[in-house]
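**Student:** Sequence and computational prediction follow.
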Amino acid sequence: DAGITQSPRHKVTETGTPVTLRCHQTENHRYMYWYRQDPGHGLRLIHYSYGVKDTDKGEVSDGYSVSRSKTEDFLLTLESATSSQTSVYFCAISESRDGAETQYFGPGTRLLVL
Amino acid sequence: LAKTTQPISMDSYEGQEVNITCSHNNIATNDYITWYQQFPSQGPRFIIQGYKTKVTNEVASLFIPADRKSSTLSLPRVSLSDTAVYYCLVGQSSASKIIFGSGTRLSIRP
């Protein structure tokens, strides 16, 4: 599992409240990612990081912000949660493998916004 | 950005060989092809990755023709535990160039 943990694993919140999800890795990987997965869809990239304090947007970044103040932690924040952000959120790291990058995923966080 | 097209679903039986084909017509020169497996309530898990020709590991084989516009994941002698969603990805090291499609839902029956 490449030493990836996510917290919390489950969360129920109300519309308009802020929510922060944490991804923690223990193997000093440079690249970290946040994805969301909705029923019937594949994973969609929200934001990613290529180093401490270095982040960039993915394809569905609206309504989300991220921070990476240290290598091992990558935080995803929903400033004001909406029902459309109900989803399963996966964190990933990437590792160089035979000349190509391969991603390894955490266990996921199931978020329900009421 | 290289997008992929794969069948939405496939059915097979235990002990059979299953081949899942993925189309990626606009694959770039530096792109690798990677396949992931995902079980319900879990994150995707790396299966196999290749650039050209054939790659084999303890789990699967990956066949890539010379033009690299498609690839085929081959699962030998599947079991019920191979029931999962399989994703084909094409991309490089930068996450912004990697796109997950909807995957192929593989169902294995006794």
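**Tutor:** Received, thanks.

**Student:** Leaving out the residues flanking it, which one is nearest to the residue in chain A that chain B sits nearest to?
**Tutor:** Taking CB to the nearest CB as the measure, the point where chain A comes nearest chain B is A:Phe105, at 3.0 Å. All C-beta spots, glycine's among them, are computed from the backbone N, C-alpha and C. Leaving aside its sequence neighbours, A:Phe105 sits nearest to B:Gly43 (CB to CB, 6 or more residues apart in numbering or on different chains; 3.0 Å).

**Student:** so how many other residues sit close to that neighbour?
**Tutor:** B:Gly43 has 23 neighbours, counted by other CB atoms under 10 Å in any protein chain shown.

**Student:** Tell me who's in contact with residue 38.
**Tutor:** If you meant another chain, say so; for now it's chain A. A:Arg44, A:Ser87, A:Val88 (CB atoms under 8 Å, 6 or more residues apart in numbering or on different chains).

**Student:** my bad, the chain I had in mind was chain B
**Tutor:** With CB under 8 Å, 6+ apart, B:Gln38 has these contacts: B:Pro44, B:Arg45, B:Ala84, B:Val85, B:Tyr86, B:Tyr87, B:Gly103.

**Student:** Who are the contact partners of the nearest residue to A:Ser83 once chain neighbours are set aside?
**Tutor:** Leaving out its chain neighbours, the residue that sits closest to A:Ser83 by CB to CB, 6+ apart is A:Val113, at 5.1 Å. Taking CB under 8 Å, 6+ apart, we find A:Val113 in contact with A:Thr13, A:Glu14, A:Thr15, A:Val19, A:Ala81, A:Thr82, A:Ser83, A:Ser84, A:Gln85, A:Thr86.

**Student:** Run through the residues of chain A sitting next to chain B.
**Tutor:** Contacts of chain A with chain B, taken as CB under 8 Å from any CB of the partner chain, map to A:31, A:33, A:35, A:40-45, A:48, A:56, A:58-59, A:90, A:92, A:94, A:96-98, A:100-108.

**Student:** Buried only: go through those for me.
**Tutor:** A:31, A:33, A:35, A:42-45, A:48, A:58, A:90, A:92, A:94, A:100-108 (16 or more other CB atoms under 10 Å in any protein chain shown).

**Student:** These in strands, which ones?
**Tutor:** A:33, A:35, A:43-45, A:48, A:90, A:92, A:94, A:100-105 (DSSP state E).

**Student:** which one in those is the model shakiest on?
**Tutor:** Ranked by pLDDT, those bottom out at A:Ala100 (73).

**Student:** Any figure for the gap between that residue and A:Glu14?
**Tutor:** 42 Å (CB to CB, to the nearest Å).

**Student:** Please apply the same query to A:Glu101.
**Tutor:** 38 Å.

**Student:** Show me what the residue nearest to the spatial centre of chain A is bridged to.
**Tutor:** Note on chain A: the residue nearest the mean C-alpha position is A:Trp34, at 2.6 Å, using CA atoms, centre = their mean. A:Trp34 forms beta bridges with A:His47, A:Cys91, as assigned by DSSP bridges.
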